[in-house]
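Q: Build me a structure from this.
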Amino acid sequence: MTHTPTGSGNPAAQGYGAPPAPRVPEPPVRPPAVPPPPPPRRRAWSEGSDRLRAAATTEPGRLRIIGAVLAVLVVAFGAVTAWQITDRASAASDVVNHSAPLSAKAAEIYRSLADADTTASGGFLIGGQQPKSVTDRYDADLRTASKLIAEAAGNAQGSAKTLEQISLLNQQLKGYTEEVARAGVNNRQGFPVGGAHLRYANELMRQDGGLLDTADKLYKAETARLGEDYGAAKELPWPAWALGVVTLGALLWAQRRSYRRTNRVFNQGMLAASAASVVVLLWAVVGHTVAASQLDDSYNHGAKSLQVLNSARIGVLQARGDENLTLVARGSGASYETNFQGGMSTLAGKDPKGVGGEMAQALALADDEAGRAPVNDAIKGVQAWRGRHTAARASDNGGNYADAVAQVIGGKNQQGEVVTATTGQCFDVVDASLRKAVDHEQQEFVQAANDGRGALTGLPAGAALLAVLAAVGAALGIGRRLSEYR
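A: Predicted structure coming up:
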C-alpha cells in the first residue's frame with residue numbers, strides 16, 4: 001500500500017479547491033478627445049485685402065481698381081474745391097457785409113464824439129445863449145454816436161473785448177454830457193467856472209481811457225477783424241489745387257496705360273473726365289486769382305484809403321477843438337496850442353504851405369480824379385486854415401481877445417467890423433471835402449469787394465457738379481474697357 005505524504009502533492013487533494021485565476025489590470029479610462037479650436041476668424045479688411053490682391057492678378061480686376069481710385073480722386077477733388085472756395089467766398093462776404101461796415105461805424109462813432117466836443121467848445125466861445133444850429137449839431141452828434149454804439153453792441157457776436165469797450169462808452173458818455181450841460185448853464189449866467197467844466201468835459205473826452213480812447217480801441221478791434229476777414233478770403237486754396245493736379249495726373253496715367261494695352265488713342269469716358277477736371281482746376285485758379293486781385297484793390301484803394309481819411313477827419317476835429325479851447329482857457333491854453341500844432345503836422349506835414357502827413361497819403365491812395373479832387377480841396381483848406389490860425393494867435397497874444405475870437409468863429413471884432421475870413425470856414429471846407437472823399441472811397445471799396453466776391457460765385461456748386469460728371473465719365477471709360485473681356 002502506497003502512502004502519500006501529508007502536505008505534499010496537489011492542493012486540491014488537500015481540500016483547498018482550484019487556484020484563483022491571475023488578476024488582469026483594467027485599462028485606464030481615457031477622456032474623450034477634444035477637437036482642436038477653429039482658426040481665428042479673419043477681419044473683414046484682411047479678407048478684402050486678399051480679394052483685392054487676387055483681383056489685381058487679372059486685367060479686369062486691375063481695371064476695376066483703377067476705376068474706383070479715379071472715381072474717388074475726382075469726387076474728392078470736387079468736394080475739397082467746393083469746401084475751400086465756399087470758405088473764401090464766405091470770408092469775402094463778411095468783408096462786404098460785416099467787418100467793413102462795423103469798422104466804418106466804429107470810425108463814425110469816434111468822429112461823432114470828436115465833432116460833439118468841437119461843437120461844444122465852439123458854442124462856448126459864442127457866449128450866452130448858443131445859436132440853434134450849434135445845439136442841433138451837438139445833439140445830432142450825440143444821437144448818432146448813441147445809435148451806432150447800440151448797433152455795434154448788436155453786432156458784437158459775443159466778442160468780450162468789443163462789449164467791454166461799448167459798455168465803457170455808454171458809461172463815459174453820460175458823464176461827459178453832464179459836464180457839458182454844467183458848462184453851458186454857468187456860461188449863460190456869465191460864471192467863469194463854466195470854462196473849468198468845459199475843460200473837464202474835454203479831459204473826459206480826450207484823456208487816456210476817455211471816450212475817444214475807448215472809441216479808438218473799438219475802431220482798432222473792428223479794423224483787426226476786417227484784416228482777418230481779408231486774410232481768410234485771400235488765402236490760397238493749396239489743398240484743392242494740389243489734389244486737382246494729382247487727379248489730372250492719375251487720369252492721364254490711366255489713359256496712357258489704356259493706350260499702351262489697346263493701341264487706342266482716346267478713351268472717351270476718361271477724356272471727358274480729364275476735361276471736366278481741367279475746367280474745375282482752371283476755374284478754381286482763375287476765380288481765386290481774380291477774387292484776390294479785386295480784394296487787394298478794395299483794400300489798397302478802398303479800406304486803406306478810408307482808414308487814412310477817417311484818421312484825417314478825426315485829426316481835423318481835434319485840431320478845431322484845440323483851437324477853440326486855446327481861447328476858452330484865456331491865456332492858459334498853451335497845451336492846447338501845442339496839441340493844435342502837433343495835430344496839424346500829423347495831418348498835413350510841418351510846412352504850413354506844403355503837402356504832407358495824412359493828406360499826402362490820402363492823395364497817393366486816391367486812384368482817380370474823383371477821389372483826388374476832394375482831397376486837394378481839403379489840402380487847400382488846411383493851408384488857408386493854418387495861415388488864419390497864425391493871425392488869430394497873434395491877435396490873442398497881443399491882447400485883442402475879441403479879434404481872436406472873431407477870427408476863429410466869426411462875428412465882429414473890436415472895431416465893430418464883421419470878420420468873414422475865419423478859421424471856422426476853413427474847418428467847414430476841410431471837413432466837407434474829407435466827407436466827400438470818404439463817400440467816394442466807400443463806393444470804390446464796395447464795388448471792388450463785390451467784384452472780388454462775385455469772382456467766386458457759382459464756383460463751389462460748379463466744382464461739385466463737374467466732379468460728379470468727371471467721376472461718371474471715368475466709370476464709363478473703364479466700363480468700356482471691361483466690356484471687351486466679356
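Q: pLDDT at the nearest residue to residue 96 once chain neighbours are set aside, what is it?
A: Leaving out its chain neighbours, the residue that sits closest to residue 96 by CB to CB, 6 or more residues apart in numbering is residue 449, at 4.7 Å. Heads up, the C-betas are built off the backbone N, CA and C, glycines and all. Per-residue confidence (pLDDT) for residue 449: 85.
Q: was I right about residue 449 contacting residue 92?
A: Yes - Residue 449 lies in contact with residue 92 (CB atoms under 8 Å); the separation is 7.1 Å.
Q: which residues are in contact with both of these two?
A: residue 295 (CB atoms under 8 Å, 6 or more residues apart in numbering).
Q: what about the chain, any weak spots by pLDDT?
A: Applying pLDDT under 70 to the chain flags the ranges 1-58, 127-128, 156-158, 262-266, 481-482, 484-486.
Q: By residue count, what's the longest helix in it?
A: Counting residues, the longest helix found in the chain (DSSP state H) is helix 59-94.
Q: the strands in the stretch 101-250 of the chain, which residues?
A: Along the stretch 101-250 of the chain, counting by DSSP state E, counting those that start in this stretch, no stretch forms strands.
Q: sorry, back to before: which other helices and strands contact the longest helix of the chain?
A: Applying 3 or more CB pairs under 8 Å, 6 or more residues apart in numbering; DSSP states H and E, one finds that helix 59-94 contacts helix 44-55, helix 211-234, helix 238-262, helix 268-298, helix 423-454, helix 459-483.
Q: Give me the angle between the fifth one and helix 268-298.
A: With axes from the mean of the first three to the mean of the last three CA atoms, to 10 degrees applied, the angle from helix 423-454 to helix 268-298 works out at 170 degrees.
Q: same deal with the third one?
A: Here helix 238-262 runs at an angle of 160 degrees relative to helix 268-298 (the same axes, to 10 degrees).
Q: for helix 238-262, packing partners?
A: Here helix 238-262 touches helix 59-94, helix 268-298, helix 459-483, going by 3+ CB pairs under 8 Å, 6+ apart.
Q: okay, the angle between that helix and helix 459-483?
A: Interaxial angle of helix 238-262 relative to helix 459-483 (the same axes, to 10 degrees): 20 degrees.
Q: And for helix 238-262, what's in contact with it?
A: Outside helix 238-262, the residues within contact range by CB under 8 Å, 6+ apart are 59, 66, 69-70, 73-74, 76-77, 80-81, 83-85, 264-267, 270-271, 273-274, 277-278, 280-281, 284-285, 474, 477-478, 481.
Q: next one: the last one
A: Contacts of helix 459-483 with the rest of the structure, by CB under 8 Å, 6+ apart, involve 60, 63-64, 66-67, 70-71, 74-75, 77-79, 81-83, 85-86, 89, 251, 254, 258, 262, 267-274, 276-277, 279-280, 283-284, 287.
Q: got the buried residues for it?
A: Neighbour counts using 16 or more other CB atoms under 10 Å place 459-460, 462-464, 466-467, 469-478, 480-481 of helix 459-483 among the buried residues.
Q: Grab the nearest non-local neighbour of residue 76.
A: In space, residue 76 is closest to residue 243, 6.3 Å off (CB to CB, 6+ apart).
Q: For the one you found, give its distance to residue 85.
A: Plainly put, residue 243 is 13 Å away from residue 85 if you go by CB to CB, to the nearest Å.
Q: what do you get for residue 447?
A: Applying CB to CB to residue 447 and residue 85 gives a distance of 22 Å.
Q: Counting neighbours, go ahead and name the busier of the two.
A: Higher neighbour count among residue 447 and residue 85: residue 85, with 25 against 14, using other CB atoms under 10 Å.
Q: so what's the more buried one up against?
A: Taking CB under 8 Å, 6+ apart, we find residue 85 in contact with 237, 240, 284, 287-288, 456, 459-460, 463.
Q: So what touches stretch 320-333?
A: 114, 117-118, 121-122, 124-125, 195, 198-199, 202, 336-337, 339-340, 343, 389, 392-393, 396, 401, 404-405, 408-409, 423-424, 427.
Q: please redo it, this time with the cut-off set to 7 Å
A: 117-118, 121-122, 124-125, 195, 198-199, 202, 336-337, 339-340, 343, 389, 396, 404-405, 408, 423, 427 (CB atoms under 7 Å, 6 or more residues apart in numbering).
Q: if you look at these, which of them are in helices?
A: If you go by DSSP H, the contacts of stretch 320-333 have 117-118, 121-122, 124-125, 195, 198-199, 202, 336-337, 339-340, 343, 389, 396, 404-405, 408, 423, 427 in helices.
Q: Separate out the buried members of those.
A: Buried among these (16+ other CB under 10 Å): 117-118, 121-122, 124-125, 195, 198-199, 202, 336-337, 339-340, 343, 389, 396, 404-405, 408, 423, 427.
Q: for the nearest residue to residue 226 once chain neighbours are set aside, what are its contacts?
A: Distance criterion CB to CB, 6+ apart; nearest residue to residue 226, sequence neighbours excluded, is residue 99 at 4.0 Å. Contacts for residue 99 (CB under 7 Å, 6+ apart) come out as 222, 225-226, 229.
Q: now do 6 Å
A: Counting by CB atoms under 6 Å, 6 or more residues apart in numbering, residue 99 touches 225-226, 229.
Q: For the closest residue to residue 376 other than its chain neighbours, what are phi and psi?
A: Sequence neighbours aside, residue 363 is the residue nearest to residue 376 in space, at 7.1 Å (criterion: CB to CB, 6+ apart). Note on residue 363: backbone dihedrals following degrees, to the nearest 10 are phi -70, psi -40.
Q: so residue 363 makes contact with residue 375?
A: Yes - applying CB atoms under 6 Å as the test, residue 363 and residue 375 come out as touching, 4.9 Å apart.
Q: Great, nothing more from me.
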